[in-house]
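Participant: all I have is the shape, not the residue letters:
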Ligand SMILES: [Zn+2]
């Protein structure tokens, strides 16, 4: 087995572990949020540090569950306001009620990206 091959396998393993950690941390954040929101925020910070270090993508499931500015764990109806808007394009507006930051996510982004990948 070549060294390069071993290295590649190590990298894959590292990323797999990082993904597991991110998943665990966000799951914990969700669980502790109702009674210890500050701890939830701490878990988000750690998850983001793991994600950046391993250079992995955040699972779609958790991507919109934290504030991009203050990194609070967001729970719609608790510390986040979620609204749907159709103009000027269909998008979701998520407002962090901790710092007031507004995030916008177009609906059609996933579709568009797939289309671009094909072309
Ligand atoms: Zn915020």
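Facilitator: Thanks, I have the structure now. For clarity, every value in this text was computed on a predicted model and none was experimentally measured.
Participant: per-residue confidence averaged over stretch 53-60?
Facilitator: Per-residue pLDDT over stretch 53-60 has a mean of 94.
Participant: same check on stretch 90-98?
Facilitator: Stretch 90-98 comes out at a mean pLDDT of 95.
Participant: any idea of the pLDDT on the residue nearest the centre of the chain?
Facilitator: Among the residues of the chain, the one closest to the centroid is residue 63, at 2.4 Å (C-alpha atoms, centre = their mean). We note a pLDDT of 94 for residue 63 in this prediction.
Participant: need the contact list for it.
Facilitator: With contacts taken as C-beta atoms under 8 Å, 6 or more residues apart in numbering, residue 63 has no neighbouring residues. Where C-beta positions appear, they are placed from N, C-alpha and C, glycine not excepted.
Participant: mind doing that once more with 10 Å?
Facilitator: 26, 57, 103, 105 (C-beta atoms under 10 Å, 6 or more residues apart in numbering).
Participant: which parts of the protein are strands?
Facilitator: 80-85, 91-96, 102-106 (DSSP state E).
Participant: list just the nearest of the contacts of residue 63 to the ion.
Facilitator: residue 103 (9.0 Å; C-beta to the ion).
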